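Asks: quick one, what's the 3D model for this:
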Amino acid sequence: QVQLAESGGGLVQAGGSLRLSCAASGRTFSSYAMGWFRQAPGKEREFVAAISSGVRTYYADSVRGRFTISRDNAKNTVYLQMNSLKPEDTAVYYCAADSQRVTLSADYWGQGTQVTVSS
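Replies: Predicted coordinates:
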């Protein structure tokens, strides 16, 4: 069982930056693929970024070059550094974990953290 807790969301102006953190419980964190997803009001949840247990990274086209996902296995934490934020990045951001590949069907999910980007 893995429990995930996101933090770091908030209100920021367009062009600004935020760093989201996701703290995970469990002693096998390093073996899990981790990812970030987001859901804007009235829209479906969508993939943002993922990092494998071998630290290979994947990004949605909409965030590539602006967002960076990373992990610290010693701290059981995955991060999402978000730069050059746009109003369309406004959403609830969710952390996910899976023993295989992180998709919308991932095994474990956090409660989400709100990110609001003002124009």
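
Asks: ok, now which ones touch T68?
Replies: With contacts defined as Cβ atoms under 8 Å, 6 or more residues apart in numbering, T68 is in contact with 49, 57, 80-81, 83. Placement of C-beta: from N, CA and C, glycine included.

Asks: I should have written V12 there, sorry.
Replies: Neighbouring residues of V12 by Cβ under 8 Å, 6+ apart: 18, 85, 115-118.

Asks: out of these, which are buried?
Replies: Applying 16 or more other Cβ atoms under 10 Å to these, the neighbour count classes 18, 85, 115, 117 as buried.

Asks: any chance of those residues in TSV, plus distance to R45 and pLDDT?
Replies: Putting those into TSV (distance: Cβ to Cβ, whole Å; pLDDT from 0 to 100) gives the following:
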residue	distance to R45	pLDDT
L18	19	98
L85	19	98
V115	14	98
V117	18	98
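
Asks: can I get those residues in a markdown table with secondary structure and distance to K43?
Replies: Formatted as a markdown table, the buried ones among the contacts of V12 follow (DSSP: H, G, I helix; E, B strand; the rest coil; distance: Cβ to Cβ, whole Å):
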| residue | secondary structure | distance to K43 |
| --- | --- | --- |
| L18 | strand | 20 |
| L85 | coil | 17 |
| V115 | strand | 14 |
| V117 | strand | 15 |
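
Asks: so which of the residues you listed comes closest to I69?
Replies: Of all the buried ones among the contacts of V12, L18 has the smallest distance to I69: 13.5 Å, by Cβ to Cβ.

Asks: ok, the closest one touching G10?
Replies: Yes. L18 is in contact with G10 according to Cβ atoms under 8 Å; the separation is 6.4 Å.

Asks: what is in contact with these two at once?
Replies: Joint contacts of L18 and G10 (Cβ under 8 Å, 6+ apart) are V115.

Asks: can you give me every residue that contacts the residue nearest the centre of the chain?
Replies: Residue closest to the average C-alpha location in the chain (Cα atoms, centre = their mean): W36, at 2.6 Å. Taking Cβ under 8 Å, 6+ apart, we find W36 in contact with 20, 22, 48-50, 69, 78, 80, 93-96.
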